[in-house]
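[1] Sharing a sequence plus its predicted fold:
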Amino acid sequence: MKKPDFYPAMSRNSEKNVDGLKTSDLTLNLVEGGLRLQGAGKESLPKMPLISVITVVYNGVGYIDETILSVINQSYKNIEYIIIDGGSDDGTVERIRKYNDYIDYWISESDSGMYDALVKGFTLVNGEIVCYLNAGDYYHHNALAVVAEIFDSYDVEWLAGMRVNYNENSQVIHADLPSVYRKELVRAGVYGKFLPYIQQESVFWRKSLLDLVDYAYLKKMKLAGDYYLWYCFAKSTDLNIVNSYLGGFKYHANQLSSSIEKYNDEKLLFVEGPRLYYFPLIMFEAVFWFFPVRLKVLFSKKYFIYSRERKMWIRG
């Protein structure tokens, strides 16, 4: 397979080593591998859209295995998995290398931060559906099967599942079904500030939505890059919700509580800010979050629930 011009790592001066991987000269400090370098390629199939999963990591040797295994062991098999490592020196690269024959493409080189790495991943995806999963977080075994069925069956561009949190022992410690995410409130920066956050680990979207994103702006961000994506997507489409556990966020001992304040400060650089007349709506939505699932589904057609009679996911 001819290597496309847009693979930045593949335009480097590199030599193939005995493992079938490519290692650049020491000045570039670049290592890459995966199925693409072996000539393999993937595409969407009838009833099986290709889902591209990106993982970005830097010195995550204690977390990366669990994340990788949650992707490559999915019950759904038409997956393109890309890992962008920021030049780890703690053994992370060696862990990634173990799964070389299960990862479509991975690269390890220095970068300017998480969202610089994520943008690199976005430029590499071929999938019809895109998502990203940070090292330490992981998907439910059947998550991508749910996602593929809904995107293939309905005119959906942007989808979120239940919000799930894990503790340091990978035990689920919280799960809830989100309320309706309103486009105007997403653009106003309300979620994560006045209303519960949109959980990135459970969000999936069509690749076409990335055309709305300014990559040059995104790659400079430090904390709120996920919300910048939601802000861009909300200019075009609604965020639908499926009543299913797809993925979750894992708490780590080195996470700082002050990061939430810094996260919201960074959001203020691009969101529109809540207008005065939004606050009654925000108050109503705050109460709506506590409604049982049946009432949420009754009040909105943005929900997908599973019909046991029809044996398929349907709009609520």
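    That came through, no problem.

[2] use CA for all of it now, contacts and neighbours both
    Will do.

[3] count of neighbours near residue 189?
    Neighbourhood size, residue 189 [other CA atoms under 10 Å]: 24.

[4] doesn't residue 271 make contact with it?
    Yes: contact between residue 189 and residue 271 holds when scored by CA atoms under 8 Å: they sit 5.4 Å apart.

[5] Name the residues contacting each of those two.
    Jointly contacting residue 189 and residue 271 under the rule CA atoms under 8 Å, 6 or more residues apart in numbering are residue 231.

[6] can you give me the strands for the stretch 151-300 of the chain?
    Here the stretch 151-300 of the chain has its strands, by DSSP state E, counting those that start in this stretch, at 158-160, 163-166, 172-176, 203-206, 240-242, 247-250.

[7] Can you add mean pLDDT and give those back as a markdown table?
    A markdown table is the format used below for those (pLDDT from 0 to 100):
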| stretch | mean pLDDT |
| --- | --- |
| strand 158-160 | 98 |
| strand 163-166 | 95 |
| strand 172-176 | 94 |
| strand 203-206 | 98 |
| strand 240-242 | 97 |
| strand 247-250 | 94 |
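
[8] Make TSV out of these and add distance to residue 291 and mean neighbour count.
    Conversion of the strands of the stretch 151-300 of the chain to TSV gives the following (distance: least, CA to CA, whole Å; neighbours: other CA atoms under 10 Å):
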stretch	distance to residue 291	mean neighbour count
strand 158-160	18	24
strand 163-166	15	21
strand 172-176	11	13
strand 203-206	22	22
strand 240-242	15	24
strand 247-250	22	25
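
[9] Tell me the helix or strand right after the one helix or strand residue 95 maps to.
    Residue 95 belongs to helix 92-98 when assigned by DSSP states H and E. Per DSSP H and E, helix 92-98 leads on to strand 105-108 as the next helix or strand towards the C-terminus.

[10] Kindly export that following strand (C-alpha atoms) in CSV.
    The C-alpha coordinates for strand 105-108 follow below in CSV (Å, rounded to 0.1, in the frame of the first residue of the first chain):
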residue,chain,number,x,y,z
TYR,A,105,-0.6,3.1,13.4
TRP,A,106,1.3,4.5,16.4
ILE,A,107,4.0,7.0,16.7
SER,A,108,6.3,8.3,19.5
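
[11] Which elements pack onto it?
    strand 31-33, strand 79-85 (3 or more CA pairs under 8 Å, 6 or more residues apart in numbering; DSSP states H and E).

[12] Ranking those by mean neighbour count, which comes first?
    strand 79-85 (a mean of 25; mean count of other CA atoms under 10 Å).

[13] so where's the stretch 201-316 of the chain shaky on pLDDT?
    Applying pLDDT under 70 to the stretch 201-316 of the chain picks out residues 253-258.

[14] any chance you could map the helices in it?
    For the stretch 201-316 of the chain, helices defined by DSSP state H, counting those that start in this stretch occupy the ranges 215-218, 225-233, 258-267, 279-288, 293-299.

[15] Select, out of these, the one closest to residue 241.
    Shortest distance between residue 241 and the helices of the stretch 201-316 of the chain, using CA to CA, is found for helix 293-299: 9.8 Å.

[16] Just the buried residues of the closest one, please?
    By neighbour count with 16 or more other CA atoms under 10 Å, helix 293-299 contains the buried residues 293, 296, 297.

[17] before we move on, the earlier item: quick one: which of the helices and strands packed on strand 105-108 is nearest residue 134?
    Nearest to residue 134, of these and by CA to CA, is strand 79-85 at 9.6 Å.

[18] Mind listing the strands the closest one pairs with, and their directions?
    Sheet partners assigned to strand 79-85 using DSSP bridges are listed as strand 51-57 (parallel), strand 105-108 (parallel).

[19] Send me the longest one as CSV with only the CA atoms.
    This points to strand 51-57. The C-alpha trace of strand 51-57 is given here as CSV (Å, rounded to 0.1, in the frame of the first residue of the first chain):
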residue,chain,number,x,y,z
ILE,A,51,-14.6,3.7,13.7
SER,A,52,-11.4,5.6,14.3
VAL,A,53,-10.2,5.6,17.9
ILE,A,54,-7.3,7.9,18.9
THR,A,55,-5.3,7.5,22.1
VAL,A,56,-2.8,10.2,23.1
VAL,A,57,-0.4,9.4,25.9
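
[20] Much appreciated, bye for now.
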